[in-house]
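K.L.:
what follows is a protein structure lacking sequence information:
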């Protein structure tokens, strides 16, 4: 492990303190940089293994600008900052830091954070490499398997899905004149369920005559290098008649990853991954593709070589196509979670990715979206599934009791402590603890929880010695933690410690296609409880459900179904009264433009600068009025493009 550390900090006293702490702990400090330009020079010269990085620095560029380059160069870094508003946090998060520390901090906290960050950095890289190797082995076994080529490509798609999530996968469609008999695509219709679509089937689905479709595909722009297009970028490249436009308009795709595979004969077969999420793809997916290129190349060349040969009936019987071979897999793996919408399928993919590791998981979502169910799935799919699974709702316990509840206490440690109490963390030792409503935890307790997560030990109230624990933490909240951090109600370093693997649950109004299945699921449950035989809902009820906003999400739907089953007079529920939704006031032309956070901040700084007669530094200067270090104010002014003539 490279123990060479670069400190990027523009405050001399703080930088010097950091240097003394690190040297004392055995680290080699290769330099102190006060600007991004100087830091880049030192990085090139010294090649540090780790960077401690302040966000606001002298000069025009910030620590976030440097962090983007550090991420590209695969250098571990931790942010050090006293500024933690929601805007800064959102921007910093995009750089995927290995840690975040809020000033001021203790020496021990710094060293523990540094150690954990280094471990996470190395571990995440090793994990990516290991998962890449495992995927290559899995693909190799599929390629060598003795079954029909369409099924082989389907199984390749299923294997790749765990690393490159897609809702629609096309293979060879960009060159139908060369691969027309082999061009194939797979549309995801459920968890591990896919519909196979060739050129003829695509013609039927789109209503485009086959000859016209082949002509459109042949004339489409073709990527010659791996590239991805998310959101607006995908909309822009899919305006002309092409497979991309078909995917966007017919299947509602919002992002695209193009992976061209060059073959030995000089031809190129394009793997096209499409997603209904607008932010699905990134450079990591491109890197993984290059790692898998040789394996995929072998599969395609084998397919082309054998495409004209006809399999015997014996082989067809022995290895039948299994396009929908896992119809009810989510019923067994994701017990109690109902639906097949693309947003829910994405959650399933994330659960499958993270369950087998000990990584902390943060489940985000509105009240009633099923966060506890997701926590159950993560535990039940993990190697800890036979170990304790302890749940605690941080919102239901008084602040005076929650520390004792979490960490335990010794007999006589406080008034009323008549017996020794084992805390929830110790009860969960070896297993998983679920901290629901983590956003309700007091700031004082957040500090103690952070130390537990970092040092893997608890200190019961009244105990003289800490207790080592091995617990996986899954937390959940319906709050916007970034806003809570910005408002000072949630510690930024704890947020980063918990937010290692966030899973965001969609509200019910964004997955209305799942409402009929959810409704029938709850009807079955309350049929069994009440002894009734309700068979379904009327068309009017379903129509009203689809138009309703569902502020209470799945919990609200369940309550409405329970009540309706009890009151139903026939086997069909004909009417379910829904709460009246207030209509929003129509906006006037003057209401349309709402100033952004940046614009409001810019106006406020300009007003203060004018009041201070343009003075920034010293007594009575704008920095003093705004309670900001002058260097921070200058950095903000540069970022907001505030010119001298404006104040």
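P.N.:
Sure, I can see it. Keep in mind it's a predicted model, so treat the numbers as computed, not measured.
K.L.:
where does pLDDT dip in the stretch 101-250 of the chain?
P.N.:
Where the stretch 101-250 of the chain drops to pLDDT under 70, the residues are 123-127, 174-182.
K.L.:
hey, where'd the strands end up in it?
P.N.:
168-171, 184-190, 193-197, 227-230 (DSSP state E, counting those that start in this stretch).
K.L.:
likewise the stretch 501-647 of the chain?
P.N.:
Using DSSP E, counting those that start in this stretch, strands in the stretch 501-647 of the chain cover 501-504, 536-537, 572-573.
K.L.:
what comes into contact with the last one?
P.N.:
Pointing back at strand 572-573 there. With contacts defined as Cβ atoms under 8 Å, 6 or more residues apart in numbering, strand 572-573 is touched by 523, 534, 535, 536, 537, 538, 541, 564, 565. All C-beta atoms are positioned from the backbone trio N, CA, C, and that covers glycine.
K.L.:
the second one too?
P.N.:
When contacts are defined by Cβ under 8 Å, 6+ apart, strand 536-537 is touched by residues 516, 519, 520, 523, 545, 571, 572, 573, 576.
K.L.:
can you show me the helices along the stretch 401-550 of the chain?
P.N.:
424-427, 443-455, 481-486, 492-498, 515-530, 539-547 (DSSP state H, counting those that start in this stretch).
K.L.:
residue 15: which of these is closest?
P.N.:
Judged by Cβ to Cβ, the one of those that comes nearest to residue 15 is helix 492-498, at 19.5 Å.
K.L.:
average pLDDT across the closest one?
P.N.:
Across helix 492-498, the average pLDDT comes to 85.
K.L.:
show me what that helix is packed against.
P.N.:
Applying 3 or more Cβ pairs under 8 Å, 6 or more residues apart in numbering; DSSP states H and E, we find helix 492-498 packed against strand 99-102, helix 443-455, helix 481-486.
K.L.:
which one of the ones you listed is the most hemmed in?
P.N.:
Comparing the helices and strands packed on helix 492-498 by mean neighbour count (mean count of other Cβ atoms under 10 Å), strand 99-102 comes out on top with a mean of 22.
K.L.:
which residue sits closest to residue 98 in space, ignoring its chain neighbours?
P.N.:
residue 117 (3.9 Å; Cβ to Cβ, 6 or more residues apart in numbering).
K.L.:
what sits against the one you found?
P.N.:
Here residue 117 is in contact with 50, 76, 78, 98, 99 (Cβ under 8 Å, 6+ apart).
K.L.:
ditto for residue 52
P.N.:
Residue 52 touches 5, 6, 7, 8, 9, 18, 77, 78, 80, 114, counting by Cβ under 8 Å, 6+ apart.
K.L.:
tell me if it really is in a strand.
P.N.:
Yes - the assignment for residue 52 by DSSP: H, G, I helix; E, B strand; the rest coil puts it in a strand.
K.L.:
domain map for the chain?
P.N.:
4-120, 145-318, 330-504, 510-573, 594-646 (automatic domain parsing).
K.L.:
so which of the helices of the stretch 401-550 of the chain gets nearest residue 342?
P.N.:
Of these, nearest to residue 342 by Cβ to Cβ is helix 515-530, at 14.2 Å.
K.L.:
tell me what that closest one is packed against?
P.N.:
Looks like helix 515-530 contacts strand 536-537, helix 539-547, helix 553-567 (3+ Cβ pairs under 8 Å, 6+ apart).
K.L.:
quick check: residue 108 vs residue 507, distance?
P.N.:
Noted for residue 108: a distance of 41 Å to residue 507, by Cβ to Cβ, to the nearest Å.
K.L.:
I misspoke; the intended subject was residue 116.
P.N.:
34 Å.
K.L.:
how near is residue 407 to residue 495?
P.N.:
Taken as Cβ to Cβ, the span from residue 407 to residue 495 is 21 Å.
K.L.:
look at residue 108 and residue 507 and report which has more neighbours.
P.N.:
residue 507 (18 against 12; other Cβ atoms under 10 Å).
K.L.:
give me the nearest residue to that one, chain neighbours excluded.
P.N.:
Using Cβ to Cβ, 6+ apart and skipping the chain neighbours, the partner closest in space to residue 507 is residue 366 (5.1 Å).
K.L.:
what of residue 104?
P.N.:
residue 82 (7.9 Å).
K.L.:
so for that neighbour, what's the pLDDT?
P.N.:
Reported pLDDT for residue 82: 72.
K.L.:
show me the contacts for the residue lying closest to residue 372 once chain neighbours are set aside.
P.N.:
Spatial nearest neighbour of residue 372, excluding adjacent residues (Cβ to Cβ, 6+ apart): residue 436 at 6.5 Å. Residues in contact with residue 436, defined by Cβ under 8 Å, 6+ apart, are 371, 372, 375, 391, 392, 393, 394, 395, 475, 476.
K.L.:
hmm, residue 497 is touching residue 452, no?
P.N.:
No - if you go by Cβ atoms under 8 Å, residue 497 and residue 452 don't touch, sitting 10.0 Å apart.
K.L.:
return the helix or strand in this structure with minimum mean pLDDT.
P.N.:
helix 313-318 (a mean of 41; mean pLDDT, DSSP states H and E).
K.L.:
tabulate the helices of the stretch 401-550 of the chain (a markdown table), appending distance to residue 194.
P.N.:
Shown next, in a markdown table, are the helices of the stretch 401-550 of the chain (distance: least, Cβ to Cβ, whole Å):
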| stretch | distance to residue 194 |
| --- | --- |
| helix 424-427 | 42 |
| helix 443-455 | 39 |
| helix 481-486 | 36 |
| helix 492-498 | 34 |
| helix 515-530 | 19 |
| helix 539-547 | 26 |
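K.L.:
so how far is residue 459 from the residue nearest the centre of the chain?
P.N.:
Centroid-nearest residue in the chain: residue 502, 4.8 Å away (criterion: Cα atoms, centre = their mean). Noted for residue 502: a distance of 28 Å to residue 459, by Cβ to Cβ.
K.L.:
and the residue nearest to residue 507, how far is that from residue 491?
P.N.:
23 Å.
K.L.:
give me the more crowded residue out of these two.
P.N.:
Taking neighbours as other Cβ under 10 Å, residue 366 and residue 491 compare with residue 491 leading, 21 against 18.
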